[in-house]
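In: My questions concern the predicted model and sequence given below.
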Amino acid sequence: MREPVELRRQRILSVVQSRGAVKVSVLAAELDVSVVTVRRDVEELTRVGRLRRGHGVARPVVDAPEPTTVPAARTEEPAGDGAAVALVVPERHSYLYETLHGARSVLEESGMRIALHIAPQSAGAERPLVERALADGARGLLIAPRWRNARSEELDYGWLAEVGVPTVLMERRPRPGSALHALDSVCSDHWYGTHLAVDHLVSLGHRRIVLAARDDSPTARTIRTAFAEIAAARPEVEDWSIVLSSPAAVPGPGPQTPGAPAEAAPDADPDGDATAVDLAALLRERGATAAVLHGDVDALMLVQRLAEGGVQVPRDCSVVAYDDVVAALGSTPLTAVAPPKAEIGRAAAELLLYRLTGAAGATGPVRRTELLPTLKIRGSAQPIPTPED
């Protein structure tokens, strides 16, 4: 049976009063509960004046007045520690690093100390990092979980919903109706970004389009779903298909995104073979004249493989990349959909700071903000030649 909250808090009081300052992580281990739970208890006990909260520790209330010769500021935790914001992003993720730098600029301008945590690629890596940050006294959390598949995403819903400090998701939109639906989030509108790519190619006369996209992130899954919906709804599009942009772009073990539409063609490696995507052969098979490629590195590599297969961009195939991190750096600079990566970070940090102010309205309705991508035209897509040409 779960221990009553008041009994658990009384035990916390007893430990702290008998030992003095005690780390939150130590209390959690001794009480056999999570660090997040103990941190909430300590915050509540601090609010009612029964404890003092420090940087990752709980301290007893000192009844005796401080000597008048000691400035009051010296009895408090350093301002930087008390103002810490935890920032959690995946390792080796150049797209989200731009988001990270956008958030950093806002937080530094506000005087907030940033506690940066880089999550390794292993499943569930974010949770221990967040718990450590909270144990160290972080007041707020900005997080972009990796979420390689739908299962890993759902496993994070429960504990993220119970973090206990103001939290903003960056470039992530949880499943509607999930435990995180009512969590602040700032995200790119990737449906609109996909629309920009398809609309640009259609405006140039292309009627047969392939999407070569990753399938190992929420952004990738959104783009795949959006492309299927948009292409199927456009009467101008005569044929479309979706393949993996890279054999390494699969989500790994776990169920696929529920409700995702069936693809018009199977992935290039339907049996899971670690083979390169033969996009040139697919384009010829489908009679496609254009491709949308996600993400940038895969796009540049696919353009190189197209050239090796005798398909020149944009002469034989028009290309629009998605991400615009390095799309402009190829030997053929790629037209690209550019999500507002840095702006996502800035908007998320501003929202978190607003929640932390305690001002009137700061605890108001949950905000789910979407920022629209733009299209950067660089010449890798051109009009379909007419017979007169």
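Out: Yes, it's here.

In: So Leu169 belongs to a strand, correct?
Out: Yes: assigned with DSSP: H, G, I helix; E, B strand; the rest coil, Leu169 falls within a strand.

In: From Ser152, how far out is Met112?
Out: Distance, Met112 to Ser152, using Cβ to Cβ, to the nearest Å: 29 Å. Just so you know, the C-beta spots here come from the backbone N, C-alpha and C atoms, and that holds for glycine as well.

In: got it, and Asp32?
Out: 26 Å.

In: try Val35
Out: 21 Å.

In: Val198 sits in which helix or strand?
Out: Per DSSP states H and E, Val198 falls inside helix 190-203.

In: Give me the more crowded residue out of Val35 and Ser152.
Out: The neighbour comparison of Val35 against Ser152 (other Cβ atoms under 10 Å) goes to Val35, with 24 against 19.

In: what does stretch 5-22 rub up against?
Out: Under the contact criterion Cβ atoms under 8 Å, 6 or more residues apart in numbering, stretch 5-22 has outside partners 27, 30-31, 33, 38, 41-42, 44-45, 50-51, 54, 57-60.

In: Could you pull out the buried residues of it?
Out: Arg8, Arg9, Ile12, Leu13, Val15, Val16, Val22 (16 or more other Cβ atoms under 10 Å).

In: what is the mean pLDDT for it?
Out: Averaged across stretch 5-22, pLDDT comes to 75.

In: gap between that stretch and the chain center?
Out: Remark: stretch 5-22 is offset 37 Å from the chain centroid, using Cα atoms, centre = their mean, to the nearest Å.

In: again, but for stretch 37-48
Out: With Cα atoms, centre = their mean, you get 29 Å for stretch 37-48.

In: Please identify the helix or strand for Arg224.
Out: With DSSP H and E as criterion, Arg224 is part of helix 218-233.

In: elements contacting that helix?
Out: Judged by 3 or more Cβ pairs under 8 Å, 6 or more residues apart in numbering; DSSP states H and E, helix 218-233 is in contact with helix 190-203, strand 208-213, strand 239-244, strand 290-294.

In: most packed of the ones you listed?
Out: Comparing those by mean neighbour count (mean count of other Cβ atoms under 10 Å), strand 290-294 ranks first with a mean of 30.

In: With only the CA atoms kept, save the helix or strand just after it in CSV.
Out: Scanning forward in sequence from strand 290-294 by DSSP H and E, the next helix or strand is helix 296-308. Extracted in CSV, the C-alpha atoms of helix 296-308 (Å, rounded to 0.1, in the frame of the first residue of the first chain):
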residue,chain,number,x,y,z
ASP,A,296,19.5,17.3,-44.9
VAL,A,297,22.4,14.8,-44.5
ASP,A,298,20.4,12.0,-46.1
ALA,A,299,19.3,14.4,-48.8
LEU,A,300,22.8,15.4,-49.7
MET,A,301,23.9,11.7,-49.8
LEU,A,302,20.9,10.8,-51.9
VAL,A,303,21.6,13.5,-54.4
GLN,A,304,25.2,12.1,-54.7
ARG,A,305,23.8,8.6,-55.3
LEU,A,306,21.4,10.0,-57.9
ALA,A,307,24.3,11.5,-59.8
GLU,A,308,26.1,8.1,-59.6
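
In: Mind giving me the packing neighbours of helix 296-308?
Out: strand 208-213, helix 279-286, strand 290-294, strand 318-322.

In: buried stuff in it?
Out: Asp296, Val297, Asp298, Ala299, Leu300, Met301, Leu302, Val303, Leu306.

In: Next one, pLDDT for the third one please.
Out: What it means is Asp298. 91.

In: so it touches Val243, yeah?
Out: No: Asp298 sits out of contact with Val243 when judged by Cβ atoms under 8 Å, with a separation of 11.1 Å.

In: Which neighbours do those two have in common?
Out: Joint contacts of Asp298 and Val243 (Cβ under 8 Å, 6+ apart) are Ala212.

In: What's the mean pLDDT across stretch 54-63?
Out: The model assigns stretch 54-63 a mean pLDDT of 74.

In: How about residues contacting it?
Out: By Cβ under 8 Å, 6+ apart, stretch 54-63 touches 12, 16-17, 20-25, 27, 42, 45, 49-53, 77-78, 81-82, 84, 135-137.
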